[in-house]
Structure formats: C-alpha cells, structure tokens
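Undergrad: have a look at this prediction, sequence included:
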Amino acid sequence: MLGEDVQDEMAETLGSLRADRFIVVTDDNVADVVAGKLAGALDAVAPTLLLSHPPGEEHKNLATLSRFVDLALDFGATRRTVLVAAGGGIPGNIAGLLAGLLFRGVRLVHVPTTVIAACDSVISVKQAVNTSHAKNMVGLYHPPELILVDLAVVALGSPRDLRSGTCETVKNALAIDPAQIPRLRRLLRRRADYTPADLGEIFDLSLAVKGRLLLADPYEKYSGLLLEYGHTIGHALELASTAHGAKEAALKHGEAVALGMVAAADVAHRMGLLDAADVAVHEELVDRAGVCRCLAAGIAPTTVLHHVAYDNKRGYRSCGGDEVAMVLL
C-alpha cells in the first residue's frame with residue numbers, strides 16, 4: 001500500500017488483520033512520532049506493545065533481539081500476534097527476525113519511514129542482525145504480510161537520510177538496469193529536496209528492479225546476489241565507521257554502499273572489466289545523490305579488511321585465504 005498522508009488508512013488496514021495483539025518495533029527517534037501514534041491507534045483495536053531501541057547499527061544485534069523476545073512473551077504474544085516494524089531498516093530487520101522466530105513465524109508488517117527502508121530493505125524476505133564480525137550474519141527468511149508506505153512521512157527525513165536512501169536505487173541502476181540511469185540523472189538532487197511524488201518515482205524504480213529479481217530468486221542466492229553490489233566493502237565501511245568515533249560520524253547504510261560501489265568499480269577497472277568511463281558514471285551518480293567520498297576519511301583500512309573477511313557472501317565461491325568474493329561489473 002503506497003500513498004501520501006495515509007496514516008488513518010494504515011491503521012484501518014492493520015485492524016483488518018484480526019490480530020489478538022500488536023507489537024510495534026521501532027527506534028527512539030521514531031517512537032515519539034510515527035510509531036507512537038500508530039501504536040495508539042492500534043491499541044484501540046487490540047492490546048498493543050511498543051518496543052523501542054536506541055538508533056544505530058550497534059543496536060541491531062542479538063542482545064536487542066533477546067530483550068525484545070522476552071518482552072514480547074511477557075506481553076502474551078501468540079501465533080495470532082502481528083509484528084509491526086515502524087521506522088528505518090534497522091528496526092525493520094530486528095522486527096523481521098523477531099517475527100520469524102516467535103512460534104517459528106508470526107505475521108510481519110513493514111511501515112517504513114525512511115527512503116532506504118521503503119525503497120530497499122523491506123522489499124525482501126531477508127531478516128538479520130549484526131555480530132561483532134560483520135553485518136547481517138545471523139538471520140532467516142520471513143516474508144512480510146504487508147508493506148505500508150506513507151510517502152509524506154518518508155519525505156520528512158533529514159537531508160542526509162534522504163541522500164543515503166537514494167543510493168540503493170543508484171545501485172540497482174548500475175548493477176541491474178542501466179536503462180534507468182538517464183531517469184535517475186533527472187531525479188537525483190544533491191540538496192535532497194525531494195517531494196513525496198519524487199520519492200514515489202524513486203520507489204517505483206527500485207520496485208521494478210528488486211521485485212523482478214525477487215520473483216526469480218526470493219532468497220537472493222543466485223541472480224539476487226546482484227543486489228549485493230557495493231555491499232562487500234560498503235558493509236565493512238559501515239561497521240568500521242561505527243567503531244571509529246563519534247556517533248554522528250558513523251556512515252549511513254546508503255552512504256557506505258555508495259562508497260562500496262565506487263571501490264568495486266575501481267577493483268573492476270584494475271582487473272580490466274570496466275573502463276574509465278564506467279568508473280566515472282559511478283562517481284557521477286554518487287555525486288548527484290549528494291554523497292561525498294570524503295566520508296570514509298580516517299577509517300583504518302585494516303579494520304575495513306577485517307570486516308570484509310567476514311562478509312556474508314562467504315562460501316558462494318571457493319576463495320583462498322587472501323581472497324574475497326565480490327560482485328563486480
């Protein structure tokens with residue numbers, strides 16, 4: 001369900017699921033705004049529990065998941081309970097894994113509030129949390145019952161979140177559907193002053209690519225691996241930046257993927273797979289999205305390489321001790 005200013009319709013749609021309880025999973029940034037309002041509306045339909053965690057990748061872990069499992073069971077969760085993920089990709093993944101584990105699977109609904117969640121992470125059946133070694137190392141496959149997107153809410157994101165969010169759409173164009181590049185050139189804005197209509201168009205571009213791949217490969221193990229473009233180094237940069245210093249210095253997921261794509265293009269160029277013009281297209285689109293490559297300054301390459309060695313694509317290809325499997329163009 002996609003629309004603008006559709007909060008009331010969302011609550012009505014959720015009410016039609018005949019849940020005995022609702023558990024809304026969010027982070028502290030969203031808890032007092034969208035998630036709290038949604039939980040209040042749902043509480044009029046069935047008992048509703050709001051579970052919130054501090055924002056940031058460092059909280060997308062087994063400790064947060066374990067705490068939420070206990071709180072959900074204390075609340076009286078049953079097989080008829082519906083988990084509602086309200087927020088960005090981090091609470092979305094935590095809620096998805098929680099829904100997949102409780103009673104070996106209860107219904108999951110995504111209410112994404114960021115571009116990257118709406119246009120990328122919720123359009124998947126992959127649910128996972130991080131470990132100290134790498135991102136998304138512990139997880140399962142659990143499809144959502146519904147995805148409800150209010151573009152007016154998504155458009156309220158900070159300029160940095162909006163810039164980060166467009167980068168997965170850039171990835172889809174570069175790795176899977178280059179015919180989208182001219183349209184993206186028109187849409188992308190460094191200032192991130194996107195209207196809800198603009199974001200709806202970006203959503204359509206992402207869904208066209210990711211939806212097609214997931215129909216063919218729902219578990220993203222074959223053709224779906226193209227969606228991992230830029231993520232090998234991107235995920236490593238993201239984790240390294242989290243440990244690097246101040247919280248505000250941590251890379252957003254889309255920013256990290258953007259830098260990971262530029263790095264992957266450089267690797268491919270060195271291997272003779274891409275020419276200089278192809279690398280320039282990567283740099284141009286990342287620049288148009290408003291992501292500065294200086295964001296990675298100060299991150300130790302040794303830390304990045306440590307996380308790269310534990311990338312979640314390990315095992316798809318046989319690699320030596322000094323090699324890593326990457327998606328290259």
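TA: Everything's here; your move.
Undergrad: please count neighbours and contacts with C-alpha atoms only from this point.
TA: OK.
Undergrad: wait, doesn't residue 64 sit right on residue 54?
TA: No. Look at residue 64 against residue 54 with C-alpha atoms under 8 Å: they stay out of range, at 9.6 Å.
Undergrad: farthest from the middle of this protein: give me that residue.
TA: The C-alpha centroid of the chain is most remote from residue 272, which lies 31.2 Å away (C-alpha atoms, centre = their mean).
Undergrad: tell me the SS of that residue?
TA: With DSSP: H, G, I helix; E, B strand; the rest coil as the basis, residue 272 sits in coil.
Undergrad: could you pull out the helices for the stretch 151-300 of the chain?
TA: 151-154, 159-175, 181-187, 196-216, 231-244, 253-270, 276-288 (DSSP state H, counting those that start in this stretch).
Undergrad: so what does the third one touch, helix or strand wise?
TA: Put plainly, it is helix 181-187. For helix 181-187, the elements it packs on are helix 159-175, judged by 3 or more C-alpha pairs under 8 Å, 6 or more residues apart in numbering; DSSP states H and E.
Undergrad: so for the helix it packs on, what's the average pLDDT?
TA: Regarding helix 159-175, the rounded mean pLDDT is 96.
Undergrad: in the lowest-mean-pLDDT helix or strand in the chain, what's buried?
TA: The helix or strand of the chain with the lowest confidence, counting by mean pLDDT, DSSP states H and E, is helix 231-244 at a mean of 89. The neighbour-count check on helix 231-244 (16 or more other C-alpha atoms under 10 Å) flags 231-242, 244 as buried.
Undergrad: equivalent analysis for stretch 69-76, please.
TA: 69, 71, 72.
Undergrad: residue 137: which of those residues is nearest?
TA: residue 69 (18.7 Å; C-alpha to C-alpha).
Undergrad: grab the nearest non-local neighbour of the spatially most central residue of the chain.
TA: Nearest to the geometric centre of the chain sits residue 121, at 3.5 Å (C-alpha atoms, centre = their mean). Excluding the flanking residues, the one nearest residue 121 by C-alpha to C-alpha, 6 or more residues apart in numbering is residue 89, at 5.8 Å.
Undergrad: show me where the stretch 1-150 of the chain has strands.
TA: 2-3, 22-27, 48-53, 82-87, 107-112, 126-129, 138-141, 146-147, 149-150 (DSSP state E, counting those that start in this stretch).
Undergrad: list the contacts for residue 268?
TA: Going by C-alpha atoms under 8 Å, 6 or more residues apart in numbering, residue 268 touches 274, 328, 329.
Undergrad: pick the one among these closest to residue 40.
TA: residue 328 (46.5 Å).
Undergrad: that closest one contacts residue 263, doesn't it?
TA: No. Between residue 328 and residue 263 there is no contact under C-alpha under 8 Å: 10.1 Å.
Undergrad: coming back round to it: so the residue nearest to residue 121 makes contact with residue 123?
TA: No. Assessed by C-alpha under 8 Å, residue 89 is found out of contact with residue 123, at 10.7 Å.
Undergrad: which of those two has more neighbours?
TA: Taking neighbours as other C-alpha atoms under 10 Å, residue 89 and residue 123 compare with residue 89 leading, 25 against 18.
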